[in-house]
Structures are given as C-alpha cells and as structure tokens.
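# the sequence isn't on hand, but the structure is:
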C-alpha cells in the first residue's frame, strides 16, 4: 500500500489560512455621537432701505424657493414705473418726424430734377439737402431718446422689484426679527430660514479610524425624532486637521430630507462597520 504524501502539505495550507484569517481585521458595528444640523441657515435682509409694508411668513412656516417673503412700501417706485412705461411707449414724435422726412426727401428729389433741367438754382437744391440731413439727424436723436426711455423703464422696474423679497431656497422659517411698519436698513435681519435638505450629520471620531473613513462611504444614522428612525447617510467631508485635545477628527455625512420631515438640531448616533483600533496602557493609539 502506497504511503499518503498529501497530509503534510494539506496541514501547512490549513495553518497558513488560519494565520491569514487570524490577522484579518474583524469588522463590527460601532456607533458615535452626532448632531443633526441644517444644510445652511440664511439670513434674509433687504438690498434697499425702507418701511416694511408686509411680512408674509412667520416663525415655523415652511417656504418654497421663489415664494414672496416680505415687501417694502413702494408707492413711489410704482408711480415711477407707470410714468416710465408711458414715456417708453410714446412714439408720436418719431412718427411725426418720419412723416416730415418723407416730405423732405420728395422735396430734395424735385429740387435735384429741377436743377438738372436748369429750372432751379444750386442754392435751392443744397438747401433741400441740408434740411433733409437735419431731419434725419433729428429722427436719430428721437430714436435714441426712446431707447433711453425704455432703459429707464427697466431701471424703474428693477428698483420696484428690489422692494419685494423672495426665498432662494426651500426651507423653514426659524426666526422673525421685523414686522410690518418697521424700518429696514441694509444690514438689518428680517427673517432666518433653515435649509433642511440635505441635513448635515456632524460627528467626531477617534483618529484611529481616520484611515477607514472615506468620502462617499455609506453609514446609518439613528435619530431621536422621529423616535426609532434609522436612515442611510453618505460621508461628505472628512477633516484632515485633527483636534489634538480630544484625539478626534470631524466627519460630515449627508442625510436626504426632501419633504423636510426630519428636524434639525437634535442629537443622534452614527452607525458604521469598522475594524477595531488598539490602544496601549496610556490610552494612546498603537501604530
């Protein structure tokens, strides 16, 4: 009977794979404290000074992009727009000058024909030419004035539009500082709006996990409100500057919130599958 020669190599292979498995990191779910923050908070002011005639929203209201938030008194600007519109549409002078040009062109052509037949003097023809040139210049001046009137109308409309304040984002009004009848300066705050989509999940992790956290990685976040809510999040920022006093680094994750259902300003837990980190007897990380 032939001796079995495969036992020893098989044993070595088994020992090798056991060593590899023993040296491979064992991943486990780790949780970290975090805070839910708005994407951004926008302070709504006014580009011009004046008296507030109305504020359309108040604290706690949801607003949409393009929604009217507030309006300043604008009686003067409205009247200016109406006056400018009337001037911009008035082309009576141009119509009259155009008719005068037609007459002068015919007169100039007759004077030229009479001069060629010898029945009119050159002075008569040259005078007709001069009158025609002056009338053409006057028409160009009137056309420029009409264009200026149109530009003045646009300026008046922009001035009027600047007295209406619209939201630039979908969000939630978190603060209302001024009411109708109050004076608004250019550095005054009328409203604060929190942009809640997406929400920012801010967490600080021990620096031993730094090499394991990458932008685009997925994780989960457990919220306090709604109670028991767990949602998927994506790593958006990994800070490369550590906090030496706490041996931590900052991580920001994004939580989609298209219907603004999830509130900001609450504590939470970030859940990640990570390999354990080792520490020595002093509590410092082992390299």
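All right, it came through fine. Keep in mind it's a predicted model, so treat the numbers as computed, not measured.
# now stretch 98-113, how far from the centre of its chain.
In terms of Cα atoms, centre = their mean, to the nearest Å, the centre of stretch 98-113 is found 59 Å from the chain centre.
# in it, what counts as buried?
104, 107, 108, 111 (16 or more other Cβ atoms under 10 Å). Where C-beta positions appear, they are placed from N, C-alpha and C, glycine not excepted.
# now, which of those sits nearest residue 238?
residue 104 (78.8 Å; Cβ to Cβ).
# and residue 269, how many neighbours does it have?
The tally of other residues near residue 269 (other Cβ atoms under 10 Å) stands at 16.
# swap that for residue 259, sorry
If we define neighbours as other Cβ under 10 Å, then residue 259 has 10 of them.
# which one of the buried residues of stretch 98-113 is nearest to residue 83?
For these, the closest approach to residue 83 (Cβ to Cβ) belongs to residue 104, at 33.0 Å.
# which other helices and strands does the helix or strand containing the closest one contact?
According to DSSP states H and E, residue 104 maps onto helix 92-117. Packing contacts for helix 92-117, counted by 3 or more Cβ pairs under 8 Å, 6 or more residues apart in numbering; DSSP states H and E, involve helix 122-161.
# which other helices and strands does the helix it packs on contact?
Using 3+ Cβ pairs under 8 Å, 6+ apart, helix 122-161 sits against helix 75-89, helix 92-117.
# in CSV, list the ones you listed along with mean pLDDT.
Shown next, in CSV, are the helices and strands packed on helix 122-161 (pLDDT from 0 to 100):
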stretch, mean pLDDT
helix 75-89, 95
helix 92-117, 92
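# closest one to residue 181 among those helices?
For residue 181, the closest of these is helix 75-89, at 14.9 Å, according to Cβ to Cβ.
# residue 218 touches residue 232, doesn't it?
Yes: between residue 218 and residue 232 there is a contact at 6.2 Å, judged by Cβ atoms under 8 Å.
# separation between the residue nearest to the spatial centre of the chain and residue 142?
Nearest to the mean C-alpha position of the chain, counting by Cα atoms, centre = their mean, stands residue 168 at 6.6 Å. Residue 168 sits 42 Å away from residue 142, going by Cβ to Cβ, to the nearest Å.
# and what of residue 122?
Per Cβ to Cβ, residue 122 is found 31 Å from residue 142.
# in terms of packing, which of these two has more residues around it?
residue 142 (18 against 9).
# list the residues that contact the more buried one.
Residue 142 makes contact with 93, 94, 97, according to Cβ atoms under 8 Å, 6 or more residues apart in numbering.
# how about JSON lines for those residues, with neighbour count added?
Formatted as JSON lines, those follow (neighbours: other Cβ atoms under 10 Å):
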{"residue": "93", "neighbour count": "15"}
{"residue": "94", "neighbour count": "15"}
{"residue": "97", "neighbour count": "19"}
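# is residue 216 in a helix, a strand, or coil?
Applying DSSP: H, G, I helix; E, B strand; the rest coil to residue 216 yields a three-state assignment of coil.
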